[in-house]
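In: Got a predicted model here, sequence first, then my questions.
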Amino acid sequence: MLEIFEKHESEVRGYCRSFPTVFTRSEGSELFDRQGRRYIDFFAGAGALNYGHNHPKLKRALIEYIQRDGITHSLDMATVAKEQLLKKFNEIILEPRGLNYKIQFPGPTGTNAVESALKLARKVTGRHNVICFNNGFHGMTLGSLAVTGNMFKRQGAGVPLSHTTAMPFDGQFGDKVDTLDYLENHLLNSSSGVDLPAAIILETVQAEGGINVASKEWLQRLAHIAKKHEILLVVDDIQVGCGRTGRFFSFEEAGIKPDIVCLSKSISGYGMPMALVLFKPELDVWAPGEHNGTFRGFNFGFITAAQALEFWRDDTITKGVEERSKMVRERMEKIASEHPELKGEVRGRGLIMGLCSTTDKELAGKVSAQAFERGLIVETAGSDDEVLKVLCPLNISTSLLKQGLDILEESYRAALSKVAKRELAHA
Ligand SMILES: *Cc1c(COP(=O)(O)O)cnc(C)c1O
């Protein structure tokens, strides 16, 4: 079925191995393949499709723009599409939140936003080191890889990844240890062996790294430490921004104001490649063209992004995420309690939720495979892919969400009965 891909496409391909079919069409929270099979989407383009596939309002705006011969490609020349986006982003997102940021358009991928943020922080401070966190994920280019934890991905670099110091994330040593005591000690102790960093970069919920949630208090203290030591705080909101945790930015609940924020994935709202870097105006020390990129002016992305911002004029999305998050959490807790042998841990915030079996690291992958056979697309996360990760579109209908959760529950039963059968056979 995937012969053409196996023959011609590089071995580097990944997701088509977990979800081995050829997709033809998608709508809302559903995908369809060449055999006409339907799949419920609990993956949402790894967080690039927060408003689902082919949202009709975004599609209409895009088609109209294309039909009137709107500019497609413009590098960073001024266009009406970009003007409208800048205006709306300020009016709908930044101003109501009391945030004042300059906006940079880097190349259209998340990793390009991270590279820009790192470059800018180093340029502003004149320091080379950057503090990052164990299990963090920030992208595949060299600068981003240097602040990424995963050894397999890091090894792909083929060169030393340096000028960074990795620290433990919130909760890594259990409830009783505040990992920020450890971090701050490195800044306070003049013999710590860690150079004063330009920046501290983090995800408020480590997504690829296994759905590790930083608490509000931890984020507040981290922001305080950064400020005290004049270190720039960079929040990579590429996966958990744009409403994934309920509010537009994942750090809003903590009430912190990062110095630099990276956005990508769902910022265009339509799966169009697009990224933004936001930073406090006093940090805008770039020289014209010092960071650039051929596709940083992809106007189709600006059109759908501006349209998607309209969803944020009220709290419909935030309320919807709360309701759905509760449904997912309750179901995961039910699964965990039905299978106590898994010592299941439910993690997450908003609509990034994970179920991790602390006794069977391979289970999540088996459940994902069982789910696919039953018409549900759901991925894994964590350093050993040990966490089953639910990342559905934020506006999935509650009935479809329930169907998906039913399939998930069934997939756990099926995966576990297979495990049990195999163990019996070995006995
Ligand atoms: C996906 C992701 C990136 C990288 O984005 P790309 O578009 O794949 O380069 C960076 N940071 C986080 C948190 C991500 O989830």
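Out: Received it, and whenever you're ready, just let me know what you need. None of these values were measured; they are calculated from a predicted model.
In: need the strands for the stretch 201-350 of the chain, in chain order.
Out: With DSSP state E, counting those that start in this stretch as the criterion, the stretch 201-350 of the chain has strands at 205-206, 212-213, 232-236, 260-263, 276-279, 344-349.
In: Tabulate these (a markdown table), appending mean pLDDT.
Out: Below are the strands of the stretch 201-350 of the chain laid out as a markdown table (pLDDT from 0 to 100):
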| stretch | mean pLDDT |
| --- | --- |
| strand 205-206 | 98 |
| strand 212-213 | 98 |
| strand 232-236 | 99 |
| strand 260-263 | 99 |
| strand 276-279 | 98 |
| strand 344-349 | 97 |
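In: At the geometric centre of this structure, which residue sits there?
Out: With distances taken as C-alpha atoms, centre = their mean, the residue of the chain nearest its centroid is Q239 (1.6 Å).
In: Would you state the predicted confidence (pLDDT) at that one?
Out: On pLDDT, Q239 comes in at 98.
In: Any chance of a markdown table for the strands of the stretch 201-350 of the chain, columns distance to the ligand and mean neighbour count?
Out: C-betas here are computed from N, CA, C, even on glycine. Shown next, in a markdown table, are those (distance: least, C-beta to the nearest ligand atom, whole Å; neighbours: other C-beta atoms under 10 Å):
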| stretch | distance to the ligand | mean neighbour count |
| --- | --- | --- |
| strand 205-206 | 8 | 25 |
| strand 212-213 | 12 | 23 |
| strand 232-236 | 5 | 27 |
| strand 260-263 | 7 | 28 |
| strand 276-279 | 12 | 24 |
| strand 344-349 | 14 | 20 |
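In: among these, which is nearest D76?
Out: Nearest to D76 among these is strand 276-279; the distance by C-beta to C-beta comes to 12.7 Å.
In: List the neighbours of that closest one that are in contact with it.
Out: For strand 276-279, contacts defined as C-beta atoms under 8 Å, 6 or more residues apart in numbering pick out 89, 94, 99, 101-106, 113, 116-117, 120, 259-264, 267.
In: redo that, cut-off 6 Å
Out: If you take C-beta atoms under 6 Å, 6 or more residues apart in numbering as the criterion, strand 276-279 is touched by 101-104, 106, 113, 116-117, 260-263, 267.
In: give me every residue that touches the closest residue to N135 other than its chain neighbours.
Out: In this structure, N135 finds its nearest non-sequential neighbour in G209, 3.2 Å apart by C-beta to C-beta, 6 or more residues apart in numbering. Going by C-beta under 6 Å, 6+ apart, G209 touches 135-137.
In: ok, and the most crowded of these?
Out: F137 (26 neighbours; other C-beta atoms under 10 Å).
In: From G149, how far off is that one?
Out: Taking C-beta to C-beta, to the nearest Å as the measure, F137 falls 7 Å from G149.
In: ok, now T380?
Out: Going from T380 to G149 by C-beta to C-beta gives 16 Å.
In: Give the other helices and strands that the longest helix seen in the chain contacts.
Out: If you go by DSSP state H, the chain has its longest helix at helix 398-426. Counting contacts by 3 or more C-beta pairs under 6 Å, 6 or more residues apart in numbering; DSSP states H and E, helix 398-426 is packed against helix 316-338, helix 363-373.
In: and if we set it to 10 Å?
Out: strand 38-41, helix 316-338, strand 352-357, helix 363-373, strand 376-377, strand 387-390 (3 or more C-beta pairs under 10 Å, 6 or more residues apart in numbering; DSSP states H and E).
In: is the third one anywhere near the ligand?
Out: Going back to what we said before, that points to strand 352-357. No. Contact of strand 352-357 with the ligand is not found when judged by C-beta under 6 Å from any ligand atom; the minimum separation is 10.2 Å.
In: Please name every helix or strand in contact with that strand.
Out: So strand 352-357, by 3+ C-beta pairs under 10 Å, 6+ apart, packs with strand 205-206, strand 212-213, helix 316-338, strand 344-349, helix 363-373, strand 379-381, strand 387-390, helix 398-426.
In: avg pLDDT for that strand?
Out: 96.
In: Ok, the second one next?
Out: Here the mean pLDDT over helix 316-338 is 98, rounded to a whole number.
In: Setting aside sequence neighbours, what's the nearest residue to the residue in the stretch 101-250 of the chain positioned nearest to the ligand?
Out: Residue nearest to the ligand within the stretch 101-250 of the chain (C-beta to the nearest ligand atom): G110, separated by 2.2 Å. Counting by C-beta to C-beta, 6+ apart, G110 lies nearest to S264, which is 3.7 Å off, once chain neighbours are set aside.
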